[in-house]
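[1] mind looking at a prediction? Sequence and model below.
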Amino acid sequence: MELRCKGNSIGWSYPTYLDTFNDSRLSIKQSDKYSQLVLTSPSAADTGSYSCWVIVCDGTEYKDNLFVPSAIHFEIVYLRPDRTAVVPCRVTDPQAKVSLHREVPPQEITTNGTQLTYDPTKGFVLLNPSPEHQGVFYCKALSGKSFPSGAPFVSLGVSPGSVRDGDNVNVTCRVLGEPEEDVSFTWSYPGQDRRPVHVQTSWRLVNRGMSHTTRLSQSVMTVEDVETIDFGNYICSAKNQYGETSVSINIVSK
């Protein structure tokens, strides 16, 4: 599997276990014009999120994988009434809030200290397994850590993905942060000072479960009836009390 990201200073994010186990199948090469990530002999166990970004300034990168990596994504747990059974949801952060969920019917299974307990080094422990525990289950984890105090982490996207003359285009700039964290946005774009655009900025609180709320701030630039002068780099700058982050996306004619 080969991924390329255009730019001369590129950061990558990929499943953390590839670092944890020092996997020699993964290599990253940087050239003058692009960065190349290569994963040889990929399998289903390598399923996950792979992304890249342009590094516009020096800073600390934050990467977290709350669950201990495993090559097995679906595990069968045998239930025997005479011994405990473990649903293997091990986490890398002892402070993480972990919950067990049943797929059908959808419900959260709460720990009670007698029938079901949780051990971060093992997972959920069924002390006296019974037929009512049969089914398909999955785990959720939420870090006990807050968002790091620093400049905003910004994501930038465009829709539609393929743009032609005459289309209407939305460029969306998003920031996730603490509920009380105010974010302001500024834009730089190819048709600046030559054509009108519409920019709408908003924010809302998002309940992520287990009593954890984050703030989603976003600015959406709408360019109507796209023409030649509108193709090029769109730069969104997001600023909070700790600093400012700028990201860019290139819109080309298809």
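    Structure received.
[2] and residue 109, what does it touch?
    Residues counted as contacts of residue 109 (CB atoms under 8 Å, 6 or more residues apart in numbering) are 99-102, 116, 124, 137. Bear in mind the C-beta positions are built from the backbone N, C-alpha and C, glycine included.
[3] is it bridged to anything, and to what?
    Beta-bridge partners for residue 109, by DSSP bridges, are residue 100.
[4] try residue 187
    Going by DSSP bridges, residue 187 forms beta bridges with residue 236.
[5] mind listing what it touches?
    Residue 187 sits next to 173, 199, 219, 221, 234-237 when contact means CB under 8 Å, 6+ apart.
[6] only whichever of the contacts of residue 109 are buried, select them in PyMOL.
    Here is the PyMOL command that selects the buried residues among those (16 or more other CB atoms under 10 Å):
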select buried, resi 99+100+116+124
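[7] residue ranges with poor pLDDT in this protein?
    For the chain, the stretches with pLDDT under 70 are 16-17, 19-23, 55-65, 69-74, 144-149, 208-212.
[8] in it, which residue is most central in space?
    The residue lying closest to the centre of the chain (CA atoms, centre = their mean) is residue 49, at 7.6 Å.
[9] spit out the contact partners of that one.
    13-15.
[10] would you map the strands across the stretch 1-150 of the chain?
    2-6, 10-13, 26-30, 34-39, 51-54, 85-87, 97-102, 107-109, 116-119, 123-126, 137-142 (DSSP state E, counting those that start in this stretch).
[11] helices and strands around the second one, which ones?
    Contact partners of strand 10-13 among helices and strands, from 3 or more CB pairs under 8 Å, 6 or more residues apart in numbering; DSSP states H and E: strand 34-39, strand 51-54.
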